[in-house]
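# build me a model:
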Amino acid sequence: MSVLAGQPQASIEPMMLYMGRLAREAAGALALATTAQKNAALEAMAKRLEARSGAILGANKNDIDAARGKGRDEAFIDRLALDEARVAAMARGLRDIAALPDPVGEVTASWTRPNGLQISRVRVPLGVIGIIYESRPNVTADAGGLCLKSGNAVILRSGSESFLTSLVICNALTEGLVEAGLPETAIQIVPTVDRQAVGFMLSGLGGAIDVIVPRGGKSLVGLVQEEARVPVFAHLEGVCHVYVHQPADPAMAKAIALNAKMRRTGVCGAAETLLVDRAAVSTHLAPLVEMLIEAGCEVRGDADTQRADARVKPASEDDWSTEYLDAIIAVKVVDGLDEAIDHIARYGSQHTEAIITEDKDAAETFLARVDSAIVLHNASTQFADGGEFGMGAEIGIATGRFHARGPVGLEQLTTFKYVVHGSGQIRT
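Predicted coordinates:
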């Protein structure tokens, strides 16, 4: 498709509706595709990505140069940037998806009624997925692969900053589809950066789109959740916590806290607040704060934390509910497990929380009471990722309570229907 940036709404609307019709037709074909066909397509897509690595990186350099020209910060650039290793990881992710069990057609329950009716609950694709994302071009490959394996067609709408990279990636994916004999319109990318295209997707494209998945900042997700006329899988923000309980192993606490904050500060699973048990202040607080500061992290803390290290900046009330997505962390001393859980309930975003402790009872209490999509014991919050969960990849993290919660992978991209076999029964 040609790039239509700047075209008037009159030309964008029919284009978007046409894409919706093509996607709906492709979804019908994918729903009947065999596992072998889908896996062959995933392998072909992976090979095309590897073959087009140079073109992908060239487009990515242009996107990065344009982003720097707009004054984008380094955290944003990190989310946007690809290198040979990241392109290889995208291809590997597609192969990982191919190796996963196919959820389509799985019988999740079956039973026979007294009248002889045989009833089964069977997984089926959702249909057409709309994915709106901003700066992460790898979403193009992850989303395309997951939607394909789960039998769904997908319409991708990339942000302007990653548009050129995403376009080249999507072209490689569609080449793989054609090579495997599946419809190339099963994976489409909106060929314009005009924001009006987002509005048409949120309207559902005349009933073509079954669910929307936004990947991006708070403003994008908020817009989608407010204006979408179709269901949405999303999280608004990731205010993630690490709670260091008194019996925590000091070396483990340091390793996890450092990784949770600093491995990649711009991901949604990065820790934004560190809670330290008051009973652990004398043994754990100062070493944790010193470690973070020496690693290049700005620490904003309460009075107890400021007393532990003069370099700590005072935390404001807003800091406890801020998703920094940068090398900044808020640190607070809490009076035990109950206060830690209460703090997370008040300021968290129901995304990902971790407790570090050798007390198994305390850990079980934390895991049971904290109402977040992902809760961890003695592990970094940066494991909040579909690939790390063995899902091959993900198209996002959902914090809602209906249908999908946590990493949205293959299973979450299916629904179910009831298949009933009879032998002539009629209802009186």
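
# low-scoring stretches of the stretch 301-428 of the chain, by residue?
Counting by pLDDT under 70, the stretch 301-428 of the chain contains low-confidence ranges at 392.

# sketch out the helices for it, chain order is fine.
Counting by DSSP state H, counting those that start in this stretch, the segments of the stretch 301-428 of the chain that form helices are 303-308, 336-347, 360-369.

# so which of those gets nearest Ser120?
Each of the helices of the stretch 301-428 of the chain has some distance to Ser120 by C-beta to C-beta; the shortest is helix 360-369, at 33.1 Å. From N, CA and C alone the C-beta is placed, and that goes for glycine too.

# buried set for the closest one?
Ala362, Ala363, Phe366 (16 or more other C-beta atoms under 10 Å).

# also stretch 283-291?
For stretch 283-291, a neighbour-count test (16+ other C-beta under 10 Å) marks His284, Leu285, Pro287, Leu288, Val289, Met291 as buried.

# and if you look at stretch 301-319?
For stretch 301-319, a neighbour-count test (16+ other C-beta under 10 Å) marks Gly301, Asp302, Asp304, Thr305, Gln306, Ala308, Asp309, Val312, Ala315, Asp319 as buried.

# which residue ranges form the strands in the stretch 51-200 of the chain?
Remark: strands assigned in the stretch 51-200 of the chain by DSSP state E, counting those that start in this stretch are 107-112, 118-125, 128-133, 153-157, 187-189.

# next, count neighbours for Gly204.
Neighbourhood size, Gly204 [other C-beta atoms under 10 Å]: 19.

# actually, Glu84.
12.

# need the contact list for the residue lying closest to it once chain neighbours are set aside.
Excluding its sequence neighbours, the residue lying closest to Glu84 (C-beta to C-beta, 6 or more residues apart in numbering) is Ser53, at 6.3 Å. Counting by C-beta atoms under 8 Å, 6 or more residues apart in numbering, Ser53 touches Glu84, Val87, Ala88.

# show the model's pLDDT score for Ser53.
At Ser53, the pLDDT value in this model is 97.

# I'd like the distance between it and Gly145.
17 Å (C-beta to C-beta, to the nearest Å).

# same question, Leu205
Counting by C-beta to C-beta, the gap from Leu205 to Gly145 is 22 Å.

# how about Glu184?
From Glu184 to Gly145 the distance is 15 Å (C-beta to C-beta).

# between those two, who's got more neighbours?
Between Glu184 and Gly145, Gly145 has the larger neighbour count (other C-beta under 10 Å), namely 31 against 16.

# pLDDT score for that one?
pLDDT, Gly145: 96.

# need the contact list for it.
Residues counted as contacts of Gly145 (C-beta under 8 Å, 6+ apart) are Leu42, Met45, Gly93, Leu94, Ile97, Leu173, Gly392, Ala393.

# now distance to Lys254 and neighbour count too, for those, in JSON lines please.
Below are the contacts of Gly145 laid out as JSON lines (distance: C-beta to C-beta, whole Å; neighbours: other C-beta atoms under 10 Å):
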{"residue": "Leu42", "distance to Lys254": "40", "neighbour count": "29"}
{"residue": "Met45", "distance to Lys254": "41", "neighbour count": "30"}
{"residue": "Gly93", "distance to Lys254": "31", "neighbour count": "23"}
{"residue": "Leu94", "distance to Lys254": "36", "neighbour count": "30"}
{"residue": "Ile97", "distance to Lys254": "35", "neighbour count": "29"}
{"residue": "Leu173", "distance to Lys254": "42", "neighbour count": "30"}
{"residue": "Gly392", "distance to Lys254": "32", "neighbour count": "23"}
{"residue": "Ala393", "distance to Lys254": "30", "neighbour count": "29"}
